[in-house]
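A.B. asks: Based on what follows, work out the 3D shape:
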Amino acid sequence: MANTSSAKKAARKIARRTEINKARRSRMRTSVRKVEEAITAGDRAAATAAIREAEPQLLRAAQKGVVHKNAASRKVSRLIKQIAKLAT
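C.D. replies: You can find the predicted model right below:
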């Protein structure tokens with residue numbers, strides 16, 4: 001348990017940031033899952049619409065430090081590549 005007032009404040013800040021980061025990570029994963037489901041179903045239109053929602057979520061999560069920048073870019077790149085493979 002924190003003893004000093006600064007340590008108590010730090011613990012409060014960490015708890016607050018953890019909640020925000022959990023929500024951000026959850027939104028990111030949900031949007032990515034929607035893209036993956038559309039790809040699995042073979043629905044190019046739905047996948048394209050879903051990637052438009054997912055890409056900003058991924059990049060914002062990277063910007064905020066929830067995931068690494070390169071990991072987010074790699075995920076976006078791979079999803080777009082899979083969408084491109086789908087028949088029109």
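A.B. asks: Give me the distance between His76 and Ala38.
C.D. replies: Actually, residue 76 is Val rather than His. According to C-beta to C-beta, to the nearest Å, Val76 stands 15 Å off from Ala38. To be clear about C-beta, it is placed using only N, CA and C from the backbone, and glycine gets the same treatment.
A.B. asks: One more: Leu79?
C.D. replies: 10 Å.
A.B. asks: got it, and Ala72?
C.D. replies: Per C-beta to C-beta, Ala72 is found 19 Å from Ala38.
A.B. asks: Now for the residue nearest the centre of the chain: which residues touch it?
C.D. replies: Residue closest to the average C-alpha location in the chain (C-alpha atoms, centre = their mean): Met28, at 2.6 Å. Counting by C-beta atoms under 8 Å, 6 or more residues apart in numbering, Met28 makes contact with Ala54, Gln57, Leu58, Arg60, Ala61, Val66, Val67.
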